Each structure stands twice: as structure tokens, then as C-alpha cells.
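Q: Any chance you could fold what I've pasted below:
(2 chains)
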Amino acid sequence: MSLSDSQSLERTPGRAAPACVWRARMTGLIAWRNLVHDRVRFGVTIVGIAFATLLMGIQLGMLVNFMQTISAVVDRSGADLWIAAHGVKTVDLATPLEERRRFQALSTMGVASAEPYLLGFGYWKKPDGVLETVILIGVEPDATMGRPWDVLDGVNVHDALLSPDGVIVDRLYAAKLGVSRVGETFEINDRRVRVVGFTSGIRTFTQSPYVFMSLRKARSLATNLVHGGKTITYVPIRVADGFSREETRRKLAARMPDVDVLTSADFSGQSRAYWLFSTGAGVSIVSSSLLAMFVGVVIAAQTLYASTMDRLPEYATLRAMGGSRFYLYSIVIQQALIGGAIGYVFGMSAALLMAWAGRESSATPEIPLSLVLGIGLVIEVMCVLASLISLKKVTSINPAEVFR
Amino acid sequence: MSAPALSIRNVSHVFGSGETAFTALREVDLDVRRGEILLLMGPSGSGKTTLLHILGGLLRPTSGSVRLNGKAIEHLGEEELSALRLKHFGFILQSYNLFPVLSATENVLVAFDLMRANLAEGRVRARELLRTVGLADKLDAFPAQLSGGQKQRIAIARALAGDPQFLLADEPTAALDADTGRKAMALFARLAHDQGRAVVIVTHDPRILPLADRIVHIEDGQIAPASDNDAQPPVFAGAPT
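A: Numbering: from 1, shown residues only, chains lettered A, B, ... in the order given. From the prediction side, this is the model:
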């Protein structure tokens, strides 16, 4: 030990730097080193947070998928309003409606167009004789609302629906229905149909595939629905330019008090609410997401607390040296944020990978950018919450303890 | 010897309350001057550590006054005391309390960080300080790779980073062998005598006695009668000057 250069000890502290840059670098370094110092604990933290992220990603992704799927035929219909039989709960569980409702709608001020729409269940017979339940959707070949969307291979929907026995099914369900190519014939309710086109990515919540066809064909197949002059199930409506949707809806409802007149948004929401909350499916998904978050909080809190306890003498030393509480907080919080970010990256990557791997399946998580960012935010908030117990401990540090 | 830079008057401190109350210090008067090495000695539980806490702004006395450069500090809040410690005090602890996850340079750098110094300049200064205490070849070593004496030197470099007016040390030689302890004390002597810092040391180590400018004995929370205090022991043979 020497003190040959005694002058070098006589100094004043260096020039002050912008606090945000400098402080972030040292407290961030301490936080990072604290985090990775104990590899096992670090691994447990990351796995816990990644697991929570993965579960939330998959569960909420499935929720998004279900929400999009349940109401897709309404959301993608292009209609502003819908007329349905009184008491309709969800779009897939349609009940018969007289077609005269369409004409009543057309004679109402503000209605630009009103078209017939039929939705019902049928039995699709596969080549091996096995029956699959399908949802039939019948629209006029020249319909402007409710037509199939994302049609593959440039198939003209108008021409396809005009062709004899022509039906359009989705690629995702081709295997389930035993369809391998366009032109194959099958039976629905013992009547012949011919596949004339495919759509891409039109999923169903019930896993009974949608089969698009002409209204005429649908009426001939859905014999259980069509009776007593009730030859359709819905009337999708487009409101004329310059007219309010809500005002037009009120006019239609006033004119036809014995049916339901809904905006597309309301019908969509009502359909989602029915499946997600009346059946408990949504509650189950949301509660499992919350459970995942809780597991993540507990794991992160436990490991952060253990790490903080290990470092109490050093934190007390920092306090004794003149470090503010905020300085200590910033170490603990950054530790939580860094751990959260790493776990999140692993967990979200796994969730996105799983979603990508399942993109061709009929039920796969939909993880849009908003959900990716939203879960990231939730995970970081969760980790900061998990650090609260540690912060409480740090707050109570007595700097004098360093001398004991 | 210069005028007192730190002085306490009628300082008492009581831990707890009611039947469990324990009086650690009773009406103590003490001055600490620049450029001196002051030893606080006494049996365990005598109150010397409590006195060190009060001198260093780590503890507010139950009664009495503490003046730093003429200004009363006994009523300051926790964060104000913290800022005061950062500006005026350096602490050297028996157990070093280094961050095991940081290298020698980074451990010293933390002190510059607390002062919001520039990163690049702080790093240069941290390395300078480490070279000065004889750790030129251990700048990037981690505490686990160093001996007790080397860790002590990092702690000293860290304590000096803020250019403190006062260095407060708690049993700084307890974990060091004779030779390393002697060198550490020589360093303290230089810091006090050459640079005018006040060095207050709590110790049981008799090897330190020859370097002290003044020794204060504490017993039962009070400064013992003057016979042993304010002594000027001779500088021991091995101490560099």
C-alpha cells in the first residue's frame, strides 16, 4: 500500500453529468449484476416471468381469436344494421324470420339496401360416411353484404354461388370435411353440393365450419328453419349516406317492434358476450390469464425479495455513504424491470412461435401487436408491483447498521 | 492543531423507551479537529459506536447538539443527513461492505455515481484512487478474488472518492494481518497529517495506538476522565511520515 501520489487524493468530485444518463448507467449495472449474480435464482425468475407471459399470451390470444371468430360473419359483413328474430342471443344460433321484414326495411327512410340472409345448421357427409355438423350461410349471388371474404385463387363469388350446388368452404376445415380440391362433391342433409372455392382463415367458434352458398341452395338444405313463410334468419342492412345508423335503427325498431334491430357493433358484442360469458368460456380464459399473472408476480416477488435481502448490507452502505432512498429504489426497480423484460422476451417469443406454428389450425391464438405491447406493459407493471415488498425492506434500512 | 470542525455538546442518546430504555451516551462533549487521528476506545457496549454514528450523521442524538463547521445538524431530516454524509464523510467498515457483483473500479465508481459525477471522469478518478492505495494491478478484480487487505484498500479508495473532510472507520484493522494493518494506518496518518482530514477510528487494536493524535476512552456512555484522553502518543517506528 502506498500513498506516493498524495496530491491525487486531494480533489473535488468530477463534473456533474445529466442525472438520468449517468445514474441509469450505474444503478442499471448494479441491478443487472445483482440479477445475474445468482444464476439459479436468475433462471427461476426468468422462467417464472416467461411462463406467466406465455400463459397470458396464449390465453389472451385465444380470447382475441374467439372474439374475432364469434362475430366474424357480422364484423366482415359490411352491414350497418341487422334485423333478427326477437330474442336472438348470438349470430350462430339463428331463428327463422319472415322475408317480408326485408321489404319493410327497404321501405323505411334511411335504408339504402336490405338483403336476405340465412344461417342454419346442416350435416355434411364425408366420403367415408361420417357426418360433420356445418353452419350454412346463404346469400344472394349478387349480395353486397354477408358474402364470403378472403376467397382464394381469384374465385368470383358471384359466379361460384350461381353455379349449380356450388358451395365455398374454408381451407382450415378442408381436412375436417374431407375436401382435397375444388370440384369435389359431397352431401349436406342428403342433398348434393359441390365445392367451387375456398376461403382462407374464416374460423368458427363452435368448430362447425361455415359453408357459404346461394340463398336458394341454403333454403333447400335448411328445411328445419324454413317454414311458415319464414325463409330467412337475418336481414343485413346498409344505411344510406347522410343518415344516422342509430336513428335508422330506431325507425326500424319502431316499425317492427316484434323483431330485434341491432347495429352491427351491438350484434357483434352481443354474440361475443353470449359465448364468452353465458357459457363461462370467457370467464375461464380471463381467470386463467389473471392466475398466470399472479403466478408471475409471486415468483418475481419472491426472487426479488431474496436478492434484496442478500444485498441489504450493501444497500445500507450506500445509504451510509449518502445515497438517497431513490437511488436504492432505482436499483431494485431496475432489477425488476430488467428481469421482467428478459422473461417477457422469452415468454412472448414462445407464445408467438406457438401462434405461428398453429396458424393453419382451426383454433390458434391471435396475438396482434396491441396484445404483444399490452402484455409487455402488464408484465413490467407486475414486476414493479412484485418489487414493492423489497422496496419496503429497502426503505426501512438503517444506515447505521453497517457498523454492526 | 486547528479549530474543531465537528463538535458535540451535552449529547445523550437513549435507545428504546419505558422500562426497556437503554442510555447509550450521557452528556458527552467532544471536538474533532482537522488533521488529527482520533481513536475511540472502550469496552464493548460502552457507547463508542453510537458516538461514531452521531458524529457521522447516521444517528440523531436524543438530546444535545452536533455542529459541523459551526452549523447545527442534529435536527436535519434523513435525506438532508444523507446529503451531508455524501459531501463531508467517508466511511470505512470492518466488513468492507463492497458490492460483490462489482469490480474494484466499479465499487469506487459507485461513490462518484452517488455524487452525480461524470461517468468517464469518475472512472479515471476511481482508477487513480485504486492505484494510489496500491491496487494498480487489481482494478478489474472482483472482491471475491481479493484478500482482506486488498478489499480494505478498495473500501478506503471508495471512502476517499468524495474527497471527504472526515473519515470514520470502524475497526479498520481487525481483519488485517500485522503488516497490512500497519500500512493501512500509515495511509490514515497521511490522509490526516498531510491532507488535513479528520480521521476518527473506533478500535480495540492496540497496534493503532502509536499513530493516534488523541485517544478518547468511553465507558458506560461517558468519556472517561482525562488522564488517558488527549494523549499524544509517539509515532511508532514503522509508520511512514
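Q: thought A:Glu360 was touching A:Ala174?
A: No - here A:Glu360 lies out of contact with A:Ala174, judged by C-beta atoms under 8 Å, at a distance of 10.4 Å. Every C-beta, even on glycine, is put in place using the N, C-alpha and C of the backbone.
Q: which of the two has more neighbours?
A: A:Ala174 (16 against 11; other C-beta atoms under 10 Å in any protein chain shown).
Q: For the host helix or strand of that one, could you pull out the residues that count as buried?
A: Using DSSP states H and E, the element containing A:Ala174 is helix A:174-177. Buried residues in helix A:174-177, defined by neighbour count with 16 or more other C-beta atoms under 10 Å in any protein chain shown: A:174, A:176-177.
Q: and which of those residues is nearest to chain B?
A: Taking C-beta to the nearest C-beta as the measure, chain B lies nearest A:Lys176 of these, at 56.1 Å.
Q: ok, that closest one touching A:Glu132?
A: Yes - when contacts are counted by C-beta under 8 Å, A:Lys176 is listed as touching A:Glu132 (6.4 Å).
Q: who touches both of those two?
A: Contact with both A:Lys176 and A:Glu132 is made by residues A:Pro209, according to C-beta atoms under 8 Å, 6 or more residues apart in numbering or on different chains.
Q: hmm, which helix or strand of chain B has the shakiest average pLDDT?
A: Lowest by mean pLDDT, DSSP states H and E among the helices and strands of chain B is helix B:178-193, with a mean of 82.
Q: could you pull out the strands for the stretch 151-300 of chain A?
A: Taking DSSP state E, counting those that start in this stretch, the strands of the stretch 151-300 of chain A run over residues A:166-170, A:185-188, A:191-199, A:210-214, A:234-239, A:259-263.
Q: next one: chain B
A: Counting by DSSP state E, one finds strands in chain B at the ranges B:4-15, B:22-33, B:37-41, B:63-68, B:71-72, B:89-92, B:166-170, B:198-202, B:214-219, B:222-223.
Q: what comes up buried for stretch A:41-51?
A: In stretch A:41-51, counting by 16+ other C-beta under 10 Å, buried: A:41-42, A:44-46, A:48-51.
Q: Tell me which residue of chain B lies closest to chain A.
A: Closest point on chain B to chain A, by C-beta to the nearest C-beta, is B:Leu86, at 2.4 Å.
Q: With adjacent residues omitted, what lies nearest to that residue?
A: A:Gly322 (2.4 Å; C-beta to C-beta, 6 or more residues apart in numbering or on different chains).
Q: which residues touch that neighbour?
A: Taking C-beta under 8 Å, 6+ apart, one finds B:82-87, B:89, B:114, B:162 in contact with A:Gly322.
Q: Recalculate using a threshold of 6 Å.
A: Contacts for A:Gly322 (C-beta atoms under 6 Å, 6 or more residues apart in numbering or on different chains) come out as B:82, B:85-86, B:114.
Q: Sitting in helices, which of those do you find?
A: B:82, B:85-86, B:114 (DSSP state H).
Q: Whichever of those residues end up buried, select them in ChimeraX.
A: Provided next is the ChimeraX selection string for whichever of the ones in helices among the contacts of A:Gly322 are buried by 16+ other C-beta under 10 Å:
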select /B:82,85,86,114
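Q: I'd like the ones in helices among the contacts of A:Gly322 as CSV, with pLDDT appended.
A: Output for the ones in helices among the contacts of A:Gly322, formatted as CSV (pLDDT from 0 to 100):
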residue, pLDDT
B:Ser82, 89
B:Arg85, 91
B:Leu86, 91
B:Leu114, 90
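Q: Any chance of CSV for the ones in helices among the contacts of A:Gly322, columns distance to B:Asp137?
A: Converted to CSV, those look like this (distance: C-beta to C-beta, whole Å):
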residue, distance to B:Asp137
B:Ser82, 34
B:Arg85, 31
B:Leu86, 30
B:Leu114, 26
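Q: Which residues of chain B lie near chain A?
A: Chain B comes close to chain A at residues B:49, B:53, B:58-59, B:82, B:85-86, B:91, B:93, B:97, B:99, B:101, B:113-119, B:121-122, B:128, B:132-134, B:160, B:163, B:170, B:183, B:187, B:190, B:194-195, as judged by C-beta under 6 Å from any C-beta of the partner chain.
Q: Select only the buried ones of those residues in ChimeraX?
A: With 16+ other C-beta under 10 Å as the burial test, the buried ones among those are selected in ChimeraX as follows:
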select /B:49,53,58,59,82,85,86,91,93,97,99,101,113,114,115,116,117,118,119,122,128,132,133,134,160,163,170,183,187,190,195
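Q: Which strand residues bridge the residue most central in space within chain B?
A: Taking C-alpha atoms, centre = their mean, the centroid of chain B lies closest to B:Leu168, which sits 1.0 Å from it. On the basis of DSSP bridges, B:Leu168 is bridged to B:Phe91, B:Val200.
Q: residues in contact with it?
A: B:52, B:56, B:91, B:200.
Q: Check B:Ala157 too.
A: B:108, B:129-130, B:133.
Q: Which of the buried residues of stretch A:41-51 lies at the shortest distance from chain B?
A: A:Phe42 (11.7 Å).
Q: Spell out the secondary structure type for the closest one.
A: The assignment at A:Phe42 comes out as helix when based on DSSP: H, G, I helix; E, B strand; the rest coil.
Q: need the contact list for it.
A: A:35-36.
Q: try the one 3 residues further on
A: Contacts for A:Thr45 were tallied using C-beta under 6 Å, 6+ apart; they are A:303, A:339.
Q: Over to B:Glu36?
A: Applying C-beta under 6 Å, 6+ apart, the residues near B:Glu36 are B:Asp213.
Q: which non-adjacent residue is nearest the residue nearest the centre of chain A?
A: Nearest to the mean C-alpha position of chain A, by C-alpha atoms, centre = their mean, lies A:Val64 at 1.8 Å. Distances taken as C-beta to C-beta, 6+ apart place A:Glu366 nearest to A:Val64, at 4.3 Å, with adjacent residues excluded.
Q: With B:Met41 as the reference, measure out to the one you found.
A: 74 Å (C-beta to C-beta, to the nearest Å).
Q: Compare those two (neighbour count), which wins?
A: B:Met41 (23 against 18).
Q: For the closest residue to B:Asp29 other than its chain neighbours, grab the count of nearby residues.
A: Nearest residue to B:Asp29, sequence neighbours excluded (C-beta to C-beta, 6+ apart): B:Arg9, at 5.4 Å. By other C-beta under 10 Å, 15 other residues sit near B:Arg9.
Q: residues contacting B:Arg9?
A: B:29, B:64-65.
Q: ok, back up a step: for the strands of chain B, give me a markdown table that also has mean pLDDT.
A: Formatted as a markdown table, the strands of chain B follow (pLDDT from 0 to 100):
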| stretch | mean pLDDT |
| --- | --- |
| strand B:4-15 | 90 |
| strand B:22-33 | 92 |
| strand B:37-41 | 93 |
| strand B:63-68 | 93 |
| strand B:71-72 | 90 |
| strand B:89-92 | 90 |
| strand B:166-170 | 91 |
| strand B:198-202 | 93 |
| strand B:214-219 | 92 |
| strand B:222-223 | 90 |
